[in-house]
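Peer 1: okay, sequence plus prediction incoming.
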Amino acid sequence: MRGFLAKVSQLDRRVIFLLMAVAVIIPLLFPAKLSVKVTPESKKVFDLVESLQPGDLFLLDMDYGPDTMAELEPMTYAIMRHAHRRGARLICMCLAATGVSLIESEIRTVAEERGMEYGRDYGYLGYRPYPAAVILSMGQDIRQSFPIDYYGTRLDSLPIFRNVKNYRDFKFVLSVNATSGVDAWIMYGKERYNFPLAIGVTAVMAADYYNYLQSGQIVGILGGLKGAAEYETLLGEGERATIWMNIQSICHLLIVVLIIIGNIAFMAGKKDQS
């Protein structure tokens, strides 16, 4: 046993890298079916989308870029698929300059797989700078900030926008956000115009918004990849977030095991020296 512990204490770091690679590759090739516990705050977001009736309209704001898409993209895919499944109509927008074309690609991907028609079943407003100003002006009339959509088409020429003026025409607003713009949605959107607001944020951001959940200023929170996996579980579609969460859990378990073995080897070495 001492010989084994001595070898562990001198283990080449490349072996650790190899073990971590195996922990990632094997679950990708043979997906593990680990259970995902659904938290109340994620269930509230799911229930909000589930409450949509055919023809209902809601606003989906997606403010993230390539640096945070690994966490938030699975979230938006699940939400959009859920909305299309409910027969709801979806208007999307992006207030993050680095994510405008990325978001457009994601919207188009889900619309094509679900057979949705642009301008009738969904629309994309695109990007405008200064989130607080945009959110405030949309409470009066969305055309103040978005006279045309992302593709340069006037809103009134598209059926989905014809009877839409401001937030009162949406069932709710859902912001999937990796920026400080989520604060603008709470302060200048929800508090000023009093519409139901739910958010999806990165895992590191989630803890900052539980106070808003407890105060009732937001309806629910999806936190990072785990929140996305919980949503997929409720939706009955265990896709990328669920698979990635399983990989993450296995890697975390490997790290814990290596830390425990490393500490045992270190303590045994100290004992031999004394």
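Peer 2: Right, received. Where do you want to start? Numbers count the residues shown, from 1 in each chain.
Peer 1: this structure: helices as residue ranges?
Peer 2: 2-9, 13-29, 40-50, 69-85, 100-114, 131-138, 181-184, 191-193, 203-206, 210-214, 224-235, 240-273 (DSSP state H).
Peer 1: other SSEs contacting the strand ranked longest in the chain?
Peer 2: The residue-count maximum for a strand in the chain (DSSP state E) belongs to strand 57-63. Counting by 3 or more Cβ pairs under 8 Å, 6 or more residues apart in numbering; DSSP states H and E, the packing neighbours recorded for strand 57-63 are helix 69-85, strand 89-93, strand 173-177, helix 181-184. C-beta: built from backbone N, CA, C; applies to glycine.
Peer 1: could you look over these and pick the most buried one?
Peer 2: Comparing the helices and strands packed on strand 57-63 by mean neighbour count (mean count of other Cβ atoms under 10 Å), strand 173-177 ranks first with a mean of 27.
Peer 1: tell me the contacts of residue 236?
Peer 2: For residue 236, the contact set (Cβ atoms under 8 Å, 6 or more residues apart in numbering) is empty.
Peer 1: just give me the neighbour total for residue 19.
Peer 2: Look at residue 19: counted by other Cβ atoms under 10 Å, it has 15 neighbours.
Peer 1: is it true that it touches residue 251?
Peer 2: No: the criterion here is Cβ atoms under 8 Å, and residue 19 misses it with residue 251 at 9.7 Å.
Peer 1: ok, residue 201 to residue 261 distance?
Peer 2: Noted for residue 201: a distance of 35 Å to residue 261, by Cβ to Cβ, to the nearest Å.
Peer 1: between those two, point out the one with more neighbours.
Peer 2: residue 201 (27 against 15).
Peer 1: do you know the pLDDT at residue 32?
Peer 2: The confidence metric pLDDT takes the value 65 at residue 32.
Peer 1: with residue 251 instead?
Peer 2: pLDDT for residue 251: 77.
Peer 1: contact partners for it?
Peer 2: By Cβ under 8 Å, 6+ apart, the contact set of residue 251 is 20, 23, 24.
Peer 1: what sits against the last one?
Peer 2: By Cβ under 8 Å, 6+ apart, residue 24 lies in contact with 247, 251.
Peer 1: and it, how far is that from residue 209?
Peer 2: Residue 24 sits 30 Å away from residue 209, going by Cβ to Cβ.
Peer 1: what about residue 197, neighbour count?
Peer 2: Using other Cβ under 10 Å as the criterion, residue 197 is surrounded by 25 other residues.
Peer 1: how near is it to residue 36?
Peer 2: Taken as Cβ to Cβ, the span from residue 197 to residue 36 is 25 Å.
Peer 1: same thing with residue 189?
Peer 2: Residue 189 is 30 Å from residue 36, where distance means Cβ to Cβ.
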